[in-house]
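one predicted model, sequence on top.
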Amino acid sequence: MVKYDPKQWLSLILHTYSRQVMKTLTPVSIVMLLYTTLCCYLYIDVFELHLNKFQPSVSVSSILGIVLGLFLVFRTNTAYDRWWEGRRLWGGLVNSTRNFALKLNSYLLKENHEDRAWFAAMIPNFVFAMKEHLRQGVQLNQLEHLDEKFNEDLKKYKHKPNKISALLYERVNQLYKDGVFTGYQLINLDKELKDFIDLMGACERIKNTPIPYSYMMYVKKFIVIYIIILPFGFISTSGYYTIPIVVLITFVLMSVELIAEEIEDPFGTDLNDLPTDTLAERMKDNVKEILL
Amino acid sequence: MVKYDPKQWLSLILHTYSRQVMKTLTPVSIVMLLYTTLCCYLYIDVFELHLNKFQPSVSVSSILGIVLGLFLVFRTNTAYDRWWEGRRLWGGLVNSTRNFALKLNSYLLKENHEDRAWFAAMIPNFVFAMKEHLRQGVQLNQLEHLDEKFNEDLKKYKHKPNKISALLYERVNQLYKDGVFTGYQLINLDKELKDFIDLMGACERIKNTPIPYSYMMYVKKFIVIYIIILPFGFISTSGYYTIPIVVLITFVLMSVELIAEEIEDPFGTDLNDLPTDTLAERMKDNVKEILL
Amino acid sequence: MVKYDPKQWLSLILHTYSRQVMKTLTPVSIVMLLYTTLCCYLYIDVFELHLNKFQPSVSVSSILGIVLGLFLVFRTNTAYDRWWEGRRLWGGLVNSTRNFALKLNSYLLKENHEDRAWFAAMIPNFVFAMKEHLRQGVQLNQLEHLDEKFNEDLKKYKHKPNKISALLYERVNQLYKDGVFTGYQLINLDKELKDFIDLMGACERIKNTPIPYSYMMYVKKFIVIYIIILPFGFISTSGYYTIPIVVLITFVLMSVELIAEEIEDPFGTDLNDLPTDTLAERMKDNVKEILL
Amino acid sequence: MVKYDPKQWLSLILHTYSRQVMKTLTPVSIVMLLYTTLCCYLYIDVFELHLNKFQPSVSVSSILGIVLGLFLVFRTNTAYDRWWEGRRLWGGLVNSTRNFALKLNSYLLKENHEDRAWFAAMIPNFVFAMKEHLRQGVQLNQLEHLDEKFNEDLKKYKHKPNKISALLYERVNQLYKDGVFTGYQLINLDKELKDFIDLMGACERIKNTPIPYSYMMYVKKFIVIYIIILPFGFISTSGYYTIPIVVLITFVLMSVELIAEEIEDPFGTDLNDLPTDTLAERMKDNVKEILL
Amino acid sequence: MVKYDPKQWLSLILHTYSRQVMKTLTPVSIVMLLYTTLCCYLYIDVFELHLNKFQPSVSVSSILGIVLGLFLVFRTNTAYDRWWEGRRLWGGLVNSTRNFALKLNSYLLKENHEDRAWFAAMIPNFVFAMKEHLRQGVQLNQLEHLDEKFNEDLKKYKHKPNKISALLYERVNQLYKDGVFTGYQLINLDKELKDFIDLMGACERIKNTPIPYSYMMYVKKFIVIYIIILPFGFISTSGYYTIPIVVLITFVLMSVELIAEEIEDPFGTDLNDLPTDTLAERMKDNVKEILL
């Protein structure tokens, strides 16, 4: 995620989009420039169609423009909602790790260094495992290795964050059976353990479910058709002014779709993705500060 | 559900919609092509109405176009919300099965193979029963049959997922009465059992409740009326250019409605439906990995 | 509620709206037909105002049309949200009755026929009482009468669903005092009893609170003013073509408002209302199947 | 709140808005009538500017009209959401008072008249105190005075609903300490007591937080600027027809803002405010019927 | 936050925006004034381009205007939602502090002055620490210092609100271990302690996560491009009237973006920010009134 000052207009206007957006936007703009120039040349100078009585109407572009605008906003809302829900979920994880650590801190004796150290390592382990699980897969070297057995167990397990959660559940329940936690405290701790799994599952849902294929096809088809027919609405009244008009509208419409693409899977390492690395580090610091 | 890369413009633009959408879209486009050609021919060449002083105005199409656009977005939002809520519910089921398994895993002794095996079979059974219950009806061969009695009981029961849930509730409560679970653990387990029923009920709601009949009629009537009057707004200024204009707008407007139809009942086996088969398998794997 | 196949375009386009919508729509369309004809006749043939230099502008209708369109979508969203929230609440009731029955089933001994029979009668009683409470008032003959006293008590009570809920609360608590339920089970049962009251209260809210009077006046006034001034925007350019234009726009705009009226109080017996009768029967069947 | 039948078009169209809306709407409409007449007179008859080559364009009004329309819908949504959230909260209070009374009824012995009477007085006291606390301040004469001490205590306390809530919390806890309620019952009762405070706090939030000052200024400035420049878009093509056009658009746009003003603080005694007096009476009746 | 009467139109229209908005709005308006004048002069008087056959079309501004309008509403909604969610969270804090104090008040003996005083100081300490934590950092002099150790501990801790929360958790748990609170009461108190952390975490989320960089760039770029091309749509038909038209539209569009900037980080001390200082004081008063 880029940190920026939303009040710096100049820098925001003059900077270009991320490389990924430009990679599609630049060639498309150039193609549309050439295509529109060709249209104008053929229409006006070669066939002199602008002298005909009947002309294609700019009304088509107006009517479709409104409908397209509405769909682009639908697209933007959807992508933004996914991004913001992702952020909410990670914010929820910050809260749950803190609450879990705070509860453990008040339930465990100050001198119970062993259990404190174990939880102070294992809670961040869950977070780091989840972070990479939402990318290409858990990276074991990011985790704190408590003993050899932990290492071995984790390797065998397919769904690694589940395993860490299982260890947390087991330890909490063992301490309850040992009389370190009372039943009332068990109930209070259960809320946070449940939250860990719920939050991870919701992130998996966002990651694994793009918007329906048909809508994605529809929006992209609509944009392309729209900019292809665009020149004909303007040629007969605006002549060669049509060229900058078409390039500009192409730029405005394509940008929306390309930005939405960047935003909608927010757990990666793109420019606009959520700062899950930073958040995970912060959680680690918080938990360690509370428990140790 | 189709897995696709949202950043592949070319493939998304060039592929056609699903067979079901095309089945309606193709004939309608052809009919509109012929109808508009006929209109133009009669208007311009036969009756020469375009020479009259008074002309039908394209403003009608503009005004109605905006209103129609707003309703199509309403339609799209509604259909998408149903689809996304369905996905949320199945995501919730993933979470609840995991949490339930994780809690059981920590509460049951490692050597208690009998109970572990029973739950590791019955939790996925609930999921698979629910999946088919949302289609044509539970398929008993998808379930793991623990003993003859289970099989018999299930056949007699009308609402099969309810029966499986009843078995889960009973087993948990029996273990509580036997002292395997404490009361505090019972309270923690109750949350997940309740979730199972709540999630299934919410899916049933989506499946059994299409959007109100009147709205469905209204949107479809509006689209049809709109494309029928469309040619008259363009004929007098655009002549035979009206033909591609009308076909194009028909294509854009009909697509929205046809895609919405495909999305709004998301538990079937259509191209855009939710991957409930895959999700059910994943839950089975997760639960078995945790409990066994 | 009408069951229909959303993919049957022909039948949806050719059927008329419900009788209630047509009762207003037909006369209004006829009045507008006559009114517009008169306007055209006076404007063009009598006073020949279309030859004047200054003409009323269709831009007024365009600008107001967009604003009106936005408000009709607001109106539609509001009405639909009320309908869908009503459906959600009844779906919640399905879930709560199931969960309550499932919990009771696992907590009560199989041979405890008396309590099982009592709950299997009283839970559906609550549902049936609530259903009619949201219409004209509870119909005692729809309830299962367990003994004379129940009958008498209910007659004296003003808010009948409250009384049934009180009986449920009392019986559960009595069984807790008698040691049939433990305290942990009491906590689990309490969630469902609370849900019953919350769901009923939310339905009462929807039923008793129409959208604010001023908004209702505003939308209706706006529609009427809009269609009254509509002819003047078209007369000078479209002449007698104005007549079908006005009738068509009237039809489109009035429909929205009339459908919204039908949808927004969803607990009645209108064509588009929720199928609460069917749902209540289904709950009864479910509860009896689980408990008996 | 006005009770009305949303299906009575005639009465809704012919009635005027509330006095408060008309107080602003009438003078503004008259001013705009005079202002537009003056504009037309100066433009057409005095300076004859309509004969110039360059004319102000109606496109400005079109473009700004759409943007303004979108903001008016934003304004309407915001105001309506506040109103509806207020209604939800009071509906929640109905539910919580009922649940609290039902639970107490089942937990307290039938013959425990003293505690029953105390709660039957104090729950409605909380509701009535909260109702007036959201207006000008708690009116002690609306409360049921149980003894002198209650009266005295309340007078000294600044935040009176808090005091009543404190009394409820204390009594419940005292009965728990005395063994009348068990710990499990205490947990069940705690939910409702928490709800009381949460619901009151949320109502305070709506009451004390108008929409941000800058947005309020922006919307009002925008409307005024819009109607001031409106005549110039129409004068050159519509001449004196501009006068009714401007007055009509003024009426439509101003109404939205004025109605939103009326709706957004829903706890007062305006025509469109929530019927909190009726609701409070209904809660009192319900609670007394349940407990006594 | 500015307290104002939303019904005072005159004062709202005549007051200027906050200094910060004007700081950008004024120079931009002046630049656009000069730029448009130059455009008109060059176009009409120098090059006499308005006599050409082909003219740039106002349709471009219309089509893009609608799309831009939709995005500005998206921007406004997003900013307003952040602001309102912030308000909701602080309202939630009001509720949680009250509930926590009310519960403590009923659980602690009246004569237990020591614990009461400690909580009556520490709950507001959490609120004040959180308030400044959301600005530049906790200001220790705003907190009530109970003893030297508290002071020392807090200084060493990096995340100060976490430390205060840890103290609250510890004290509550200590009192539970000492038998002052029962396990049931511990469960009830746990809800509020959890809320404190959840609410703070959600506020941190809003503060630390601006809307995605790409969207911010897009909206700002779009506005600037839009107003730069704006004159060319009007010059050929409206001549020098273009100047006021462009300045006006610039003013309307820029305002939206500038206000959104002000609203979206609501915890600072800007004119439109939330009154967190006032709210914190009110919570302090409430808690002290309840507990002491």
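Nice, thanks for sending it over. If you're wondering where the values come from, they're calculated on a predicted model, not measured in any experiment. Numbers count the residues shown, from 1 in each chain, chains lettered A, B, ... in the order given.

does the residue in the stretch 51-200 of chain A that chain C sits nearest to count as helix, strand or coil?
The minimum distance from the stretch 51-200 of chain A to chain C, using C-beta to the nearest C-beta, falls at residue A:66 (8.8 Å). C-betas here are computed from N, CA, C, even on glycine. Secondary structure for residue A:66, judged by DSSP: H, G, I helix; E, B strand; the rest coil, is helix.

how close does residue A:209 get to residue B:128?
With the distance defined as C-beta to C-beta, to the nearest Å, residue A:209 ends up 21 Å from residue B:128.

ok, those two, which is more surrounded?
Higher neighbour count among residue A:209 and residue B:128: residue B:128, with 24 against 18, using other C-beta atoms under 10 Å in any protein chain shown.

name the nearest residue to that one, ignoring sequence neighbours.
Closest residue to residue B:128 in three dimensions, ignoring its sequence neighbours and counting by C-beta to C-beta, 6 or more residues apart in numbering or on different chains: residue B:142, at 4.6 Å.

what's around that neighbour, how many residues?
A count of neighbours around residue B:142, defined by other C-beta under 10 Å, yields 15.

please apply the same query to the one 5 residues further on.
Residues within reach of residue B:147, counting by other C-beta under 10 Å, total 8.

now do residue A:136
Neighbour tally, residue A:136, other C-beta under 10 Å: 8.

SS state for it?
Using three-state DSSP, the structure places residue A:136 in coil.

next one: phi and psi at it?
Phi and psi for residue A:136, reported as degrees, to the nearest 10, are phi -100, psi -10.

now swap in residue A:269 and tell me
phi -120, psi 20.

now do the same contact list for the residue nearest to it when sequence neighbours are not counted.
Among residues not flanking residue A:269 along the chain, residue A:135 sits closest, at 7.3 Å (C-beta to C-beta, 6+ apart). For residue A:135, the contacting residues are A:267-269, by C-beta atoms under 8 Å, 6 or more residues apart in numbering or on different chains.

quick one: the helices in the stretch 101-250 of chain A, in order.
Listed in chain order, the helices found in the stretch 101-250 of chain A under DSSP state H, counting those that start in this stretch are A:113-133, A:148-156, A:160-177, A:183-208, A:213-238, A:242-263.

may I ask which helix or strand of chain A has the lowest mean pLDDT?
In chain A, the helix or strand scored least confidently by mean pLDDT, DSSP states H and E is helix A:9-14, which has a mean of 85.

count the neighbours of the residue nearest to residue A:187 when sequence neighbours are not counted for me.
The shortest distance from residue A:187 to any non-neighbouring residue, by C-beta to C-beta, 6+ apart, is to residue B:184 (5.5 Å). By other C-beta under 10 Å, 20 other residues sit near residue B:184.

next one: residue A:33
15.

looks like residue A:70 contacts residue B:69 (just checking).
Yes. Applying C-beta atoms under 8 Å, one finds residue A:70 in contact with residue B:69, separated by 5.2 Å.

these two: which has the busier surroundings?
A side-by-side neighbour count of residue A:70 and residue B:69, using other C-beta under 10 Å, places residue B:69 first with 24 against 20.

please, which helix or strand holds that one?
Counting by DSSP states H and E, the element that carries residue B:69 is helix B:58-107.

name the nearest residue to residue A:290, sequence neighbours excluded.
Take residue A:290 and drop its neighbours on the chain: the residue closest to it by C-beta to C-beta, 6+ apart is residue A:101, 4.2 Å away.

gap between that neighbour and chain B?
Distance of residue A:101 to chain B, computed by C-beta to the nearest C-beta, to the nearest Å: 19 Å.

and that residue, what does it touch?
A:119-120, A:123, A:286-287, A:290-291.

same deal with residue A:198?
So residue A:198 contacts B:92, B:95, B:99 (C-beta under 8 Å, 6+ apart).

tell me the spacing between it and residue A:274.
Taking C-beta to C-beta as the measure, residue A:198 falls 18 Å from residue A:274.

could I get the CA-only coordinates of the helix or strand where residue A:289 lies as PDB?
Using DSSP H and E, the element containing residue A:289 is helix A:276-291. Only the C-alpha atoms of helix A:276-291 are listed here, as PDB (Å, rounded to 0.1, in the frame of the first residue of the first chain):
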ATOM      1  CA  THR A 276      -0.500  -7.100   5.500                       C
ATOM      2  CA  ASP A 277       3.200  -7.400   6.100                       C
ATOM      3  CA  THR A 278       3.300  -4.300   8.200                       C
ATOM      4  CA  LEU A 279       0.100  -5.300  10.000                       C
ATOM      5  CA  ALA A 280       1.500  -8.700  10.800                       C
ATOM      6  CA  GLU A 281       4.700  -7.200  12.200                       C
ATOM      7  CA  ARG A 282       2.600  -4.800  14.300                       C
ATOM      8  CA  MET A 283       0.500  -7.600  15.700                       C
ATOM      9  CA  LYS A 284       3.700  -9.500  16.600                       C
ATOM     10  CA  ASP A 285       5.000  -6.400  18.500                       C
ATOM     11  CA  ASN A 286       1.700  -5.800  20.300                       C
ATOM     12  CA  VAL A 287       1.400  -9.400  21.400                       C
ATOM     13  CA  LYS A 288       5.000  -9.700  22.600                       C
ATOM     14  CA  GLU A 289       4.700  -6.300  24.500                       C
ATOM     15  CA  ILE A 290       1.500  -7.500  26.200                       C
ATOM     16  CA  LEU A 291       2.600 -11.000  27.100                       C
END
